[in-house]
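S.K.: coords below, sequence missing:
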């Protein structure tokens, strides 16, 4: 078969339902090193593999983040969480990216902050393998395990920014997600339990013991879940506010450890 032309790549992607076929074609054409690789990449995209998995990277906060099949693809709306973290703690020296997936949030924070002690953790070994590639340029440390149990004890009471992009899709709505997410991203990175807030509640309950004085916890959630998420932060003893980006359609809850909350102090029940 003759090599695929740019026009034929666009046509194939458009026929498969890709809304931004021209943009996707440009990325695939630039990523393919040989005609055979181009054909294989187009075939993978046409069958529904996320574009980021096809080309091997996703753009996030101006960075090229490596992504692998089976790893959660960072969403552009999560850039708002990064912006909020930097606005609250522009001089942060210790950063934790919890539920890190590809490590995109941690990499973006480290790139903006400069020299920081960066840690990333996820329960999924495929995610932490990918995260190592993305945070290695910043001297970051990656840990595999369930939430705070994955972190070294030396971080307790020292974290300035705790970014936790937890799964928040209600269990009975996972099946309604686009096929790219539903079929190609790990369930553990999507399913947040009955109301979507199970992991968020676990994180908010444990966070005060890990935050430094005035350290902040930031979690993304949906507009519908926002009141319950704010309540969870408040019950954990955090000084809480929320922020919204109309441009990115993103909701972030920010909780700050105040005086008398944290290490060695009982936290209000979850």
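M.R.: Received it, and whenever you're ready, just let me know what you need. None of the values given here were measured: they were computed from a predicted structure. Numbering: from 1, shown residues only.
S.K.: All the helices of the stretch 151-270 of the chain, residue numbers only.
M.R.: In the stretch 151-270 of the chain, the segments counted as helices under DSSP state H, counting those that start in this stretch are 179-184, 198-206, 226-235.
S.K.: Run through who's touching the second one.
M.R.: The one in question is helix 198-206. Residues from elsewhere that reach helix 198-206, judged by CB atoms under 8 Å, 6 or more residues apart in numbering: 98-99, 147-148, 164, 166-168, 192-193, 217, 219, 221, 229, 232-233, 235-236, 238, 255, 267, 270. C-beta coordinates here come from the backbone N, C-alpha and C atoms, glycine included.
S.K.: now it against helix 226-235, angle please.
M.R.: Using axes from the mean of the first three to the mean of the last three CA atoms, to 10 degrees, one finds that helix 198-206 and helix 226-235 are set 20 degrees apart in direction.
S.K.: May I see the buried residues of helix 198-206?
M.R.: Neighbour-count burial for helix 198-206, counted by 16 or more other CB atoms under 10 Å, picks out 198, 199, 200, 201, 202, 203, 204, 205, 206.
S.K.: Check the shortest one too.
M.R.: The neighbour-count check on helix 179-184 (16+ other CB under 10 Å) flags 181, 184 as buried.
S.K.: From the chain's centre, how far out is it? Work that out for me.
M.R.: A distance of 16 Å separates the C-alpha centroid of helix 179-184 from that of its chain, computed with CA atoms, centre = their mean, to the nearest Å.
S.K.: cool, stretch 227-244 as well?
M.R.: On the basis of CA atoms, centre = their mean, the separation between the geometric centre of stretch 227-244 and that of its chain is 20 Å.
S.K.: how far does it stretch from start to finish?
M.R.: End-to-end distance of stretch 227-244: 13 Å, with CA to CA, to the nearest Å as the criterion.
S.K.: Compute the mean per-residue pLDDT across it, please.
M.R.: Per-residue pLDDT values over stretch 227-244 give a mean of 96.
S.K.: can you check stretch 6-15 too?
M.R.: Model confidence over stretch 6-15, given as mean pLDDT, is 91.
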